[in-house]
Structures are given as C-alpha cells and as structure tokens.
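Student: here's my sequence, what's the structure:
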Amino acid sequence: MRSATAVLLLALTASSACGQATTRPERPSWVSALIRKLEGEPVANPPASIARYVYRGDTVYYRPPRCCDIQSVVFDKVGKVMCAADGGMTGRGDGRCPDFFETRREETIVWRDSRGGA
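Tutor: Below is the predicted model of the structure:
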C-alpha cells in the first residue's frame, strides 16, 4: 500500500510540473557569443557577469565595469551598445544613460564567471 501511495504522489508531482510553463526568456545568440568571448579572456577582478533588466520599457543587458577605469556596457536586446552606465575615469560612465540605476527593474543574472577572482 505504501508503494502504491508513493507512486501516485510521484506521478501527481511529475504531471503538475510538466504543465508549468517556464518564464525564463531565451538567451539571445549574441549574449551567448559574448559569454564565450569573456570565458576566453583572463578572469577579471571582479569576475565578469551579465545581467538582464527592463530599462525604459525594453529588455537590456548590463555588463558591469571591470577593474580600475573600465566602463560598464549596456546593450539593447539585439546587442547594440546603448551606453556605459558607470565606470571609467569619473565612475559615472559616458553620461548617455544617467538614470540607468534609478530606473532599471526586473534584474536577472544571466551569467556570472565561475572561475573566481584574479
């Protein structure tokens, strides 16, 4: 009787999970290519990462600044560079999206370099 109950519970759990739709959007091919490029470079300090946000009503991807005076990069959904939100000599990026940190929302970490710090 126990095994029949366990099988029934397992079947119900599996069938309910199958009916759930995933809300994770597909990763654009250009993001995958950027990740492969970053993985081929020496480990950055801090380690590289890519986050997805909604900014000004559109999906964008943010690559944080690396060490020192390197600027971040904000890409639009097709991979075109929109701006540098921070970093650089002033730490404030290139000034083309000064409201990025105040208005971005729905953060999803798309990728983080797991090789550790330099």
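
Student: burial count for Val60?
Tutor: Val60: 20 surrounding residues under other CB atoms under 10 Å. The way it works is simple: take the backbone N, C-alpha and C, and place the C-beta from them, glycine included.

Student: same deal with Phe100?
Tutor: 21.

Student: from memory it sits against Cys83, does it?
Tutor: Yes - if you go by CB atoms under 8 Å, Phe100 and Cys83 touch, sitting 7.2 Å apart.

Student: any shared contact partners between these two?
Tutor: Jointly contacting Phe100 and Cys83 under the rule CB atoms under 8 Å, 6 or more residues apart in numbering are 74, 93.

Student: so Ala44 versus Pro65, what's the distance?
Tutor: 9 Å (CB to CB, to the nearest Å).

Student: next up, the contacts around the closest residue to Gln71 other than its chain neighbours.
Tutor: Distances taken as CB to CB, 6 or more residues apart in numbering place Ala84 nearest to Gln71, at 3.6 Å, with adjacent residues excluded. Counting by CB under 8 Å, 6+ apart, Ala84 touches 65, 71-74, 93-94, 96.

Student: considering these, which possesses the most neighbours?
Tutor: Comparing the contacts of Ala84 by number of neighbours (other CB under 10 Å), Val74 comes first, having 23 neighbours.

Student: okay if I get the contacts of Ala84 as CSV plus secondary structure, distance to Ser32 and pLDDT?
Tutor: Output for the contacts of Ala84, formatted as CSV (DSSP: H, G, I helix; E, B strand; the rest coil; distance: CB to CB, whole Å; pLDDT from 0 to 100):
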residue, secondary structure, distance to Ser32, pLDDT
Pro65, coil, 22, 93
Gln71, coil, 23, 95
Ser72, coil, 20, 96
Val73, strand, 16, 97
Val74, strand, 18, 98
Gly93, coil, 25, 94
Asp94, coil, 26, 96
Arg96, coil, 26, 97
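
Student: and which of those is nearest to Gly57?
Tutor: Comparing the contacts of Ala84 against Gly57 with CB to CB places Val74 closest, at 14.2 Å.

Student: who does the closest one bridge with?
Tutor: For Val74, the beta-bridge partners are Tyr62, Cys83 (DSSP bridges).
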